[in-house]
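[1] Take this sequence and fold it.
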Amino acid sequence: MRQNEDLTIGELSKMNAISTHQVRFYEEKGIFKPAYIDENGYRKYDLDSMYQITHVLVLRKMNIPVGKIKKAMEEDSSIYIEEIQKSIKSLRSQIEELESKISFSESILDQAFELRKAIGKFEEVFYQESHYGSILSYTFDDLPSPKEVYQGYINHGIISYHHPLTTFLVDGKLHIGIKNFKGTRRFTIQKGKYLRYVSSISGFEELPKVAETFFSYVLEHDVKISDQLIIREECCNTFISQNVDVIIFEAKILS
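    Have a look, this model is predicted:
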């Protein structure tokens, strides 16, 4: 083949949809090289070069590190098999993580749409049994400070939003509970129908007013409920408004 028919670095890059910088990078790392450098100092690439860069790009597409490619080229090509197996395992793990993120995002979106429609309404919902442990107790008249809530998390080894808070109102006292956490005081949401009321508030000092609205409805409609009131703060309230908290009041309906 005549030398003037060999490829320039620009032509090789264009053919493989990569930058000339990437070609030079692979050359610097010792896993690819030009066929020769002509009298004008230009890199030139022949058919073997075209095959070689394709080989490197396939391996990189499988997430095989440059260092491993170089080692396999210099020492033992069986390294490729081991690295491909590792790459497949890593990619499957990434797929699982992405699927989990998609599922989480879809659930948050569903909650946001649900909340928009539910604010200011009373409705019946059904829950399976679930168990909670308390990390902090307080009253409406003595709301906990941010530092106290923080300390409640830290003291029990709890990690942020992975553990959404559910508050239980029993005998005039509120207990911040976390699902499936084995706290010193336990609470159970029993299986069955619950009366739910969704409200938006601009500050936690408005909680007593929401509780009053809830109990007024219960009395007016003669709904028999348990003496355990459940209060939830929804994590996606900012999808409703930046300036409010979305609060859900619930109590089990007694037969």
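
[2] other SSEs contacting the helix or strand of the chain with the lowest mean pLDDT?
    Comparing every helix and strand of the chain by mean pLDDT, DSSP states H and E singles out helix 146-155 as the least confident one, with a mean of 83. With contacts defined as 3 or more C-beta pairs under 8 Å, 6 or more residues apart in numbering; DSSP states H and E, helix 146-155 has these neighbours: strand 130-138. Using the backbone N, CA and C atoms, a C-beta is placed for each residue, glycine as well.

[3] Counting neighbours, which bits of the strand it packs on end up buried?
    With burial defined by 16 or more other C-beta atoms under 10 Å, the residues of strand 130-138 counted as buried are 132-138.

[4] What lies in contact with that strand?
    Under the criterion C-beta atoms under 8 Å, 6 or more residues apart in numbering, residues 144, 148-149, 152-153, 155-156, 158, 166, 168, 173-189 lie in contact with strand 130-138.

[5] quick one on the thing from earlier: please point out which parts of the least confident helix or strand of the chain sit buried.
    Buried, per 16+ other C-beta under 10 Å, within helix 146-155: 149, 152-153.

[6] Same list (the buried residues of strand 130-138) but as a markdown table, adding pLDDT.
    Converted to a markdown table, these look like this (pLDDT from 0 to 100):
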| residue | pLDDT |
| --- | --- |
| Tyr132 | 90 |
| Gly133 | 87 |
| Ser134 | 86 |
| Ile135 | 85 |
| Leu136 | 83 |
| Ser137 | 85 |
| Tyr138 | 85 |
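
[7] I'd like the distance between Lys70 and Asp171.
    Here Lys70 is placed at a distance of 70 Å from Asp171 (C-beta to C-beta, to the nearest Å).

[8] got any ranges where this structure has weak pLDDT?
    1-3, 159-164, 234-243 (pLDDT under 70).
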